[in-house]
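Trainee: Got a sequence here, can you model it:
(4 chains)
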2 protein chains.
Amino acid sequence: MSEQVEWGLHCCLTLAWIGGEHPMPAVRLAEWFELPPAYLTKCLQALTRAGILQSVPGARGGFRLARQPADVTVMDVTVAIEGADNPFRCTEIRQRGAGVDPSAPEFRTPCAISTVMHRADLAWRRELAGHTLADLLASAPPEAAERTRSRYALLRG
Amino acid sequence: MSEQVEWGLHCCLTLAWIGGEHPMPAVRLAEWFELPPAYLTKCLQALTRAGILQSVPGARGGFRLARQPADVTVMDVTVAIEGADNPFRCTEIRQRGAGVDPSAPEFRTPCAISTVMHRADLAWRRELAGHTLADLLASAPPEAAERTRSRYALLRG
DNA sequence: GACGCCGTACTCGGATATCGCATGTCCGAGTCTGGACGG
DNA sequence: CCGTCCAGACTCGGACATGCGATATCCGAGTACGGCGTC
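Mentor: So this is what the prediction gives:
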């Protein structure tokens, strides 16, 4: 999995703690976590396209949360960055090889392997969809929020 | 996910249908599914190292199942090929950045993001571990087993 | 003093290089088979 | 006829190329800010 997922989630949490009053530039977020600034932008753009973040152009611009933390699940962020595809892709190799008729009735039903993989993927997604940013904020230690805000105030000068 | 997982599972099912009397060479399996022979070998070797397959060297050698189908879970095969690592890797970026003390007590507890991702990974693994090769064999259409065996007999000549 | 305008600096956004890993391939070590030979 | 030996061929196993996607970067388009001039 792309490590951008971790970046995206941490950025969302930080933006939630900061509060949506002022947007935060990508450069600021990058130095916050010591990440490559230009590359982090790509990640934030993906979240913006997904409607999770909102980009504000111009001076004093940046990114802010587009929705309430309780309305953004961990899966929303993951899908925005990783895409919605199941990491397992059935290529129907059971139909390959000489002497196999691809139009045989047994191939109308999905491959059993594919079914199991699909169920596992669903279980994974269900777990991710069951946790929102608000849950993450709540489960974080109280000092994290305060430290984030004071550190942000320091950065703004 | 590597597409070798799909290859490995289909090869295991085919070997189970054939029965463990005669091992089946990698080349035979490759032409069976129209896969690159030399590369499929890598996959089969991984399954052998994991104790799922058993390799028989020499002429009339090949691969056969090392355990009963009921004793091999889909996760066993997946782990053998993909490795046991969680696709999400927490790099603890919360501890980065200037002005953060990595030895602060709040960092003794695992990152909430990491926890959620870990739970999702567990749910995924639980689903895969809940299905064995025997289940897959049972859920396949009856003609699949027969077709496999007759086709194999044809190959052996 | 207030309003409007303009230059500037800052920000996002997409087009462009680079690296690592999955994919794909090859040749050598080891082993069994099958047959030939000798008893 | 039976046992032994040997050459051969076949198989696995690990070492060696290659292509594509994730990673990383840069420059241009667009926008809000802040100061300046004018009324």
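
Trainee: now the most far-flung residue of chain A relative to its centre: how far from DNA strand D?
Mentor: Distance to the chain centre peaks in chain A at A:Gly99, reaching 44.5 Å (criterion: CA atoms, centre = their mean). Distance, A:Gly99 to DNA strand D, by CB to the nearest atom of the strand, to the nearest Å: 19 Å. C-betas here are computed from N, CA, C, even on glycine.

Trainee: same deal with A:Val27?
Mentor: Per CB to the nearest atom of the strand, A:Val27 is found 10 Å from DNA strand D.

Trainee: Pretty sure that residue sits in a helix.
Mentor: Yes. Membership of A:Val27 in a helix is supported by DSSP: H, G, I helix; E, B strand; the rest coil.

Trainee: What's the separation between the closest residue to A:Thr41 other than its chain neighbours and A:Lys42?
Mentor: Nearest non-adjacent residue to A:Thr41, counting by CB to CB, 6 or more residues apart in numbering or on different chains: A:Ala26, 4.7 Å away. Distance of A:Ala26 to A:Lys42, computed by CB to CB, to the nearest Å: 10 Å.

Trainee: between these two, who's got more neighbours?
Mentor: Shown here are A:Ala26 and A:Lys42; by other CB atoms under 10 Å in any protein chain shown, A:Ala26 has more neighbours (22 against 13).

Trainee: which residue ranges form the strands in chain A?
Mentor: Secondary structure of chain A, counting by DSSP state E: strands at A:53-56, A:62-65.

Trainee: Go through those and name the closest to B:Val77.
Mentor: For the strands of chain A, distance to B:Val77 was read as CB to CB. The smallest value, 39.0 Å, belongs to strand A:53-56.

Trainee: strand partners of that closest one, parallel vs antiparallel please.
Mentor: Paired with strand A:53-56 in the same sheet, following DSSP bridges, are strand A:62-65 (antiparallel).

Trainee: burial count for the closest residue to A:Arg89 other than its chain neighbours?
Mentor: Setting aside the residues directly before and after it, A:Arg89 is nearest to B:Glu3 in space (CB to CB, 6+ apart), at 6.8 Å. One way to gauge burial is a neighbour count; for B:Glu3, by other CB under 10 Å, it gives 15.

Trainee: Return the per-residue confidence for A:Ile113.
Mentor: The predicted local distance difference test score for A:Ile113 is 97.

Trainee: before we move on, back to that, report the separation between the residue farthest from the centre of chain A and B:Thr148.
Mentor: Between A:Gly99 and B:Thr148 the distance, using CB to CB, works out to 11 Å.

Trainee: residue boundaries of the helices in chain A?
Mentor: Along chain A, the stretches classed as helices by DSSP state H are A:4-18, A:26-33, A:37-49, A:74-82, A:112-129, A:133-139, A:142-156.
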